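Student: just a sequence and a predicted model for now, questions to come.
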Amino acid sequence: MPLAQTATTVPVVVNDDLCIADKGCTVCVDVCPLDVLRIAETAEGSKTAYMKYDECWYCMPCEADCPTGAVTVNLPYLLK
Amino acid sequence: MTVLFEDFNDIDDLAAGLNDPTPSGRIMAVIELADSADPAAIPYLAGAISDADAGVRKQAALALTDFDGPDTAAALVVALADSVQEVRDAAAVSLTELKEPAAGDALLPHLGSADEFTLVACLAGIKELRRPEAMEPAIAALEHPSPTVRMQAVGVIGWLQDPAALSALQKAAADVDVQVRRVALTALGFSRTEAAESALIAALSDPHWHPREAAAETLAKSGGAACVSHLRRALDDDYWQVRLKAVRSLGKLGAREAAMQIGPLISLDIPNLRKECAAVLGELAVPETRSFLAAFEHDSDPDVRKNVRWALARIDAAAA
Amino acid sequence: MDEIRDGIDQIDCDILIIGGGTAGPMAALKAKKKNPKANIILLDKANVKRSGAICMGMDGLNNSVIPGYATPEQYTKEITVANDGICDQAAVYRYAQECYGIIQELDSFGIRFQKDQNGEYDVKKVHHIGTYVLPMPNGDTVKKALYRQLRKARINIINRYMATRLLTGEGRVAGAICVNTRSAEFLVVRAKAVIMGLGAAGRLGLPTSGYLYGTYENASNSGEGYAMAYHAGAGLANLECYQINPLIKDYNGPACAYVAGPMGGYTANARGERFIECDYWSGQMMQEFFDELQGGKGPVYLKLNHLAEETVAEIERVLHIVERPTRGHFHRGRGTDYRKQMIEMHISEIGFCSGHSASGVFVDEHARTTIPGLYAAGDMANVPHNYMLGAFTHGAFAGEDAADYVAEMDFAAFDQADIEAERTRVLAPTKREDGIPPNQIEYKTRRLVNDYLQPPKVTAKMHLAQKRFAEVREDMENAMYVRDAHELMRALEASSILDCADMAAAASLYRTESRWGLYHNRVEYERDDENWFCHTILTKGDDGMPASRKQDVKPYVVDIAEDEKDAYAKQRVKPSVAAE
Ligand SMILES: Cc1cc2nc3c(=O)[nH]c(=O)nc-3n(C[C@H](O)[C@H](O)[C@H](O)COP(=O)(O)OP(=O)(O)OC[C@H]3O[C@@H](n4cnc5c(N)ncnc54)[C@H](O)[C@@H]3O)c2cc1C
Ligand code: SF4
Ligand code: SF4
């Protein structure tokens, strides 16, 4: 049974201008209880955090602990 | 193999990151120092409070929440005068987390600060440290034009529970600001003197319900026979919140003469008040109130019926 | 990160604590304090810094027993009555006696509890003759303060490993098998004692939003604690007493009666009328809530719009800052202003959680399970209505008892084949070329839970559930497919969820009476004290299927008078009061 490519929007948004993942910051990735955030390379070759898995409890440690205010937690579309 | 344990790194190694040329690198160092929970990190974090970058300074102010003592407090006081509001706010919050009385050493010199923000934060910080030396400057701060300052000053005085400060609190209980009056009335609760009681009685006629509620509640602690008639009058207050506290206080004061007046309140459609009335009628255990209670023995509100049954049992036990 | 790596490591410790949420950290601190030489490991699937139900903080203690405000006897009575009498009181009574000491200890960690202007505790009167709710003004710093203590005590912390099975041998616990959630590497921890604090089974039912993670409980608590205890042979008590809570619809967070109630907020029907008198969460209360919705008088609301502006502002301040801060975002997004509109509420999905009901791994007043050396505390252990302070306090009991236990114990020998078998089970979904992803297995299980297990409980429906679950299990065991280590974590969770679903069905079928209001409303049966005034204990049977038996309720420590027993029954407002 092959897998499909169904799209889904994710609730957590990271402002990559503010994100300092370049400097080794992984605070939001570390604190997420559901472990759904990851660090990725941007088009310009720097790094930024992003939401990789749509499995969010909208609990907010990622936003509260980010040292630069780069993370915004929105409510998952299905329940907002 | 993936790293297993969280590490306990050497503080000096972590602190080396504070020399990183980029602010973000230094922020990371601050975060790691905070996670160490090792007091050896305090001097480094105190240094970061004067970093050139506001983001680093803010992170350092937040990080100091994890530490205590005079050096931590001193660094936070520096941050209270920062040019950036976010840094100042972070420092003010961290100051309220101090627990060690010795940390107050760094705050005492600033309790007369001309800067309102610093003054409010230092008063808030020293409150829970209960330093007797804070009394005098706190009393002086009651004259401050800002109600926020006056409110914090009342807090400091109230926590010290020193009878010498009664007249200051009494004055604050008549402050022009509603919230200052409210906290000052609550702060009087440690004193069972006539002075405290009369200030609280006067406040039962305050134009705003918050001070009336605080006064009605605090009379349970500070009041004696003299306040009973006033509390009974408060049973007719426009706000159920005030009536509820009056009921509660009359119960605590054992004011059996008020029981027949409390009895009818149990049939009002205000659930919180009904529960309280039933409990207090039980505490007072006046046989004549039995009929008020008996009507609600099978009430649909579980709290009411539980309290009613308890009250009836007390009345019957007292009669037997 | 996330690519599957082959690896296995083995380490030893005296006490392994699984779950670093609420109960776990306290167990670690207490064990270390009592036995500073003991080698203690605190292991969590997430990161201890921000894991578990209290990851963002808490509004307050729901069940503090503070001298002068409530007595241990009164508290024990309340809890017994709220659980229809099915309660071994010793654990509740010990909690009630010792929790004040824990409050003071938490206070010394820097966790603030509301004090009045003289620095004395300011306990809010809520639901009983006694007074139990103690607000936490800086509740958002709970986890930070705990973490700081763990670091100071130099507790060994292992993050991002999920425990999947316990090891046993010589009739006692021998350790646990764990899997890294980002690399799928194995870690075998040999331990003389194991303390479990893995939280609730929060992903059992499916929320009405359909979002798998839109649960009441922290969604990382997926029921491994129950599944591990079950497979190790421990007894689980009263699993048919589900957790069901009245929540803000769609948002699925607490509304929250404990904050708003004392200030005059209440639950109302579509006409804005009260229909239940007591907002204290209980099975009876949920039954009334359910009836109102079924009776066409819904939606059900939390009503605050009759309150004074100052009061609403105060409620907003508390509810929107700590615990579930996105609550404020949610209302803003919907344009709900507490001053103007009522807040729509709904019934949560079902789960297992003693924190709010009474089911879980059976423990005594020392937090000991039925397996020597194995402890459980917090939401997954069966001490009723335990909430946060219960997790802390019973975590402390477990830590202290385990510290003594390991002093005179050596490692139990276990069968190496158990490790190989677990490796094969865990890695099976990684060995396939394609198949069914874990989210579909999970969705189907949980959808079936809603269809067939959600009360009111009907025998025929529960039999159907068992049949469907067996089909899903067949698919899970033979066709589940994952592409990376993260998905493997979800696959293992799907398996725990299915185990819990099977246990929920079996336990509910076994108790042929109705009890605990909506929690175990079996429509074909009335309450039957003669035959069912007892615990039910579920274990793994010899055939590998759940087996249930009755167990006597221990003689009460605190007597309950006859007329106190209906304290939580009959909660419907009389028509005259509701002004119909
Ligand atoms: C939204 C909400 C609001 C609440 N409000 C209040 C309140 O106001 N007052 C109150 O007193 N109580 C409240 N409670 C209840 C209280 O928070 C809980 O009862 C208590 O925190 C439970 O503690 P615990 O240790 O059992 O579980 P948790 O604190 O949830 O910890 C469980 C831990 O186990 C870890 N874990 C799970 N599975 C695994 C695995 N397989 N391997 C390793 N680790 C694992 C998790 O990551 C987590 O860290 C609330 C609960 C919720 C969900
Ligand atoms: S915490 Fe903030 S800065 Fe750090 S990686 Fe995440 S988004 Fe970037
Ligand atoms: S809101 Fe919570 S679950 Fe969602 S990404 Fe942030 S920390 Fe993770």
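Tutor: Received it, and whenever you're ready, just let me know what you need. Ligands and ions are numbered 1, 2, ... in the order given.

Student: use CA for all of it now, contacts and neighbours both
Tutor: Fine.

Student: now residue B:146: how far from residue C:498?
Tutor: 61 Å (C-alpha to C-alpha, to the nearest Å).

Student: tell me which of the two has more neighbours.
Tutor: residue C:498 (26 against 13; other C-alpha atoms under 10 Å in any protein chain shown).

Student: so what's the backbone phi/psi at that one?
Tutor: Dihedral pair for residue C:498: phi -70, psi -40, per degrees, to the nearest 10.

Student: just the element for the residue in the stretch 201-320 of chain B positioned nearest to ligand 3, please.
Tutor: For the stretch 201-320 of chain B, the residue closest to ligand 3 is residue B:272, as judged by C-alpha to the nearest ligand atom, at 36.1 Å. If you go by DSSP states H and E, residue B:272 is part of helix B:271-284.

Student: pull the very next helix or strand once past that helix out as CSV, backbone CA atoms only.
Tutor: Sequence-wise, the next helix or strand downstream of helix B:271-284 (DSSP H and E) is helix B:290-294. The C-alpha coordinates for helix B:290-294 follow below in CSV (Å, rounded to 0.1, in the frame of the first residue of the first chain):
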residue,chain,number,x,y,z
ARG,B,290,-33.0,24.9,62.3
SER,B,291,-36.1,25.6,60.3
PHE,B,292,-34.2,27.6,57.7
LEU,B,293,-31.8,24.7,57.2
ALA,B,294,-34.2,21.9,57.3
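
Student: need the contact list for the residue nearest to the spatial centre of chain B.
Tutor: By C-alpha atoms, centre = their mean, the mean C-alpha position of chain B lies nearest to residue B:155, the distance being 7.3 Å. Going by C-alpha atoms under 8 Å, 6 or more residues apart in numbering or on different chains, residue B:155 touches B:124, B:127, B:183-184, B:187, C:117-118.

Student: pretty sure residue C:503 contacts residue C:237?
Tutor: No. Assessed by C-alpha atoms under 8 Å, residue C:503 is found out of contact with residue C:237, at 10.7 Å.

Student: so which bits of chain C are right by chain A?
Tutor: Residues of chain C lying near chain A by C-alpha under 8 Å from any C-alpha of the partner chain: C:46-47, C:49-52, C:55-56, C:209-215, C:218-220, C:250-251, C:324-326, C:329-330, C:333-334, C:434-436.

Student: what residues are shared contacts of residue C:503 and residue C:237?
Tutor: residue C:538.

Student: contact partners of the helix or strand that contains residue C:29?
Tutor: Assessed by DSSP H and E, residue C:29 sits inside helix C:23-34. The set of residues external to helix C:23-34 that reach it, using C-alpha under 8 Å, 6+ apart, is C:17-18, C:38, C:40-42, C:146-147, C:149-150, C:153, C:155, C:195-197, C:377-378, C:391-403.

Student: report the buried members of the residues you listed.
Tutor: C:17-18, C:38, C:40-42, C:146-147, C:149-150, C:155, C:195-197, C:377-378, C:391-403 (16 or more other C-alpha atoms under 10 Å in any protein chain shown).

Student: give me the subset of those residues touching ligand 1.
Tutor: Near ligand 1, judged by C-alpha under 6 Å from any ligand atom, the entries from the buried ones among the contacts of helix C:23-34 are C:18, C:197, C:378, C:391.

Student: look up the closest residue to the last one, ignoring the ones flanking it.
Tutor: Of all residues not flanking residue C:391 in the chain, residue C:378 sits nearest, at 3.8 Å (C-alpha to C-alpha, 6 or more residues apart in numbering or on different chains).

Student: equivalent analysis for residue B:261, please.
Tutor: residue B:232 is the one closest to residue B:261 (C-alpha to C-alpha, 6+ apart), at 7.7 Å.
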